[in-house]
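1. Sequence isn't available, so here's the structure alone:
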Ligand code: SAM
Ligand code: SF4
């Protein structure tokens, strides 16, 4: 289809939230590129400004309002007219209701309507009216649309959308809909195609990758998918997110057996208290989670474990929180994303009355952050005086003479750029780094191999 108003227009996308949103933004870019639009680095140079929004926590909601309003004070758009569009989870949740508070928004498209973004923006340029599309289910699978990758050497590969879990605090199932797996062959073909174009690392994406395939004919398992993707020639495979209740022994076996699956696992625990886990509707206990961790470590020694933890779930007591602290100490996470509970209207947890003072929650949060910092530091010491292979991502912002990349355990690694190489020649290459420094959030050392 030809969208006459789009050819030659410039666009800028600001993305909030998780990798799924970042990947959705790549699809939006892909569609706009295919209509002859050109991406620019900032909103001031853009004819089209798009916000890909997140509503998992309140802070992301608030930021959208600030950023959207600030578009009003931008210099005039290069083409003389600017269209502002809001996509993603807030758009899906609020639909045209957003127009009440955001009077400069022209286009609203929900999480299931990405395929229509070009026609909506084109129509807004054409008639100057508001255009809103927020279907409840996919009108066209976003995963089959063109996409625009920021990097040539790594890619996100969505394997499923939606979530069936309804954790009591979480808005995601309401805005992203039910679980829907992509066809097995389609994913494997996509990864094969990516390998041919030079991609070396992929991250398989889904809200709960461990339940992949349940809705497909023949019920292929996530473990089967890992093995099949591992045969494509891709060098590094990461995946996220895993729900502990669905992580089967056969998946742990596949992780151990497939050389391309990196020794890293993100396994959100949310709380260390079985009482709170029950209120959260997580469907596992503290003991079951710890038992799972032991089984993973038996099979994949040295694996880097990361997690998500919520502090201040309604009714969390000091005793519950201490259970979270002791679980984090016992697991020894390499990394953790820690969040203060944010009440989300429409979720069951929002109905629970809680009078825990804010400063008590903040104090707990800070105590948890210290425990995580200690465990990340301790975890990184295991790699001191070893050699790690690093996929180079770029140079350090603070010191452009240092390269920066990721180890197989997803640790950030810094090293001086070797003599005779420019950073551009190294991005996307793998180098070996002999680690002589292990800090809380990074390793550093010298490059001891040729780039490959
Ligand atoms: N599906 C993923 C999983 O279960 O691991 C997580 C997706 S969610 C976008 C990412 C994280 O946000 C969750 O793991 C949880 O820790 C956090 N989160 C979700 N709802 C929240 C809320 N209402 N308040 C604070 N944090 C929340
Ligand atoms: Fe939200 Fe739970 Fe689904 Fe993750 S598994 S997206 S936390 S409902």
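-> Sure, I can see it. From a predicted model like this one, the values you see are computed outputs, not experimental measurements. Ligands and ions are numbered 1, 2, ... in the order given.

2. which stretches of the stretch 1-150 of the chain aren't confidently modelled?
-> Applying pLDDT under 70 to the stretch 1-150 of the chain flags the ranges 1, 138-145.

3. how about the helices in it?
-> With DSSP state H, counting those that start in this stretch as the definition, the stretch 1-150 of the chain shows helices at residue ranges 19-34, 58-70, 88-94, 98-101, 117-127.

4. got the residues of the stretch 201-350 of the chain near ligand 2?
-> Along the stretch 201-350 of the chain, the residues adjacent to ligand 2 under the rule Cβ under 6 Å from any ligand atom are 207, 208, 243. Every C-beta, even on glycine, is put in place using the N, C-alpha and C of the backbone.

5. Recalculate using a threshold of 8 Å.
-> Among all residues of the stretch 201-350 of the chain, those adjacent to ligand 2 (criterion: Cβ under 8 Å from any ligand atom) are 207, 208, 241, 243, 268, 270, 281, 282, 308.

6. which of those lies closest to residue 359?
-> Nearest to residue 359 out of those is residue 270 (Cβ to Cβ; 22.3 Å).

7. per-residue confidence at that closest one?
-> In the prediction, the pLDDT value recorded for residue 270 is 98.

8. How about it, nearest residue that isn't a chain neighbour?
-> The shortest distance from residue 270 to any residue other than its chain neighbours is 5.2 Å, reached at residue 310 (Cβ to Cβ, 6 or more residues apart in numbering).

9. quick one: contacts for whichever residue of the stretch 251-400 of the chain sits closest to ligand 2?
-> Among the residues of the stretch 251-400 of the chain, residue 268 lies closest to ligand 2, at 6.8 Å counting by Cβ to the nearest ligand atom. For residue 268, the set of contacting residues under the criterion of Cβ atoms under 8 Å, 6 or more residues apart in numbering consists of 241, 242, 243, 244, 307, 308, 309.

10. What subset of those residues is buried?
-> For the contacts of residue 268, a burial check counting by 16 or more other Cβ atoms under 10 Å picks out 241, 242, 243, 244, 307, 309.

11. Quick check: beta-bridge partners of residue 443?
-> Following DSSP bridges, residue 443 is listed with bridge partners residue 413, residue 438.

12. Neighbours of it, how many?
-> With neighbours defined by other Cβ atoms under 10 Å, the count for residue 443 comes to 24.

13. Cross-check the contact I'm expecting between it and residue 408.
-> No. Using Cβ atoms under 8 Å, residue 443 is not in contact with residue 408, being 11.8 Å away.

14. where along the stretch 351-452 of the chain do the helices fall?
-> Secondary structure of the stretch 351-452 of the chain by DSSP H, counting those that start in this stretch: the helices cover 358-381, 423-426.

15. In CSV: these, plus mean pLDDT, mean neighbour count and distance to ligand 1.
-> Converted to CSV, the helices of the stretch 351-452 of the chain look like this (pLDDT from 0 to 100; neighbours: other Cβ atoms under 10 Å; distance: least, Cβ to the nearest ligand atom, whole Å):
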stretch, mean pLDDT, mean neighbour count, distance to ligand 1
helix 358-381, 98, 16, 11
helix 423-426, 96, 15, 32
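
16. hmm, back to that, secondary structure element holding the residue nearest to residue 270?
-> Following DSSP states H and E, one finds residue 310 within strand 304-311.

17. which other helices and strands contact that strand?
-> strand 264-266, helix 318-331, strand 335-340, helix 358-381 (3 or more Cβ pairs under 8 Å, 6 or more residues apart in numbering; DSSP states H and E).

18. Get me the contact residues on the protein for ligand 1.
-> 17-18, 20, 54, 56-57, 163, 165, 167, 169-172, 207-208, 240-243, 266-268, 270, 308-310, 337, 339-344, 347, 349.

19. So among these, which ones count as buried?
-> Buried members of these, counted by 16+ other Cβ under 10 Å: 17-18, 20, 54, 56-57, 163, 165, 167, 169-172, 207-208, 240-243, 266-268, 270, 309-310, 339-342, 344, 347, 349.

20. and the closest residue to residue 335 other than its chain neighbours, what does it touch?
-> Sequence neighbours aside, residue 306 is the residue nearest to residue 335 in space, at 4.0 Å (criterion: Cβ to Cβ, 6+ apart). Counting by Cβ under 8 Å, 6+ apart, residue 306 makes contact with 264, 265, 266, 267, 333, 334, 335, 336, 337, 410.

21. Selecting buried members of these in PyMOL, what would you type?
-> Typed into PyMOL, the line below selects the buried ones among the contacts of residue 306, using 16+ other Cβ under 10 Å:
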select buried, resi 264+265+266+267+333+334+335+336+410
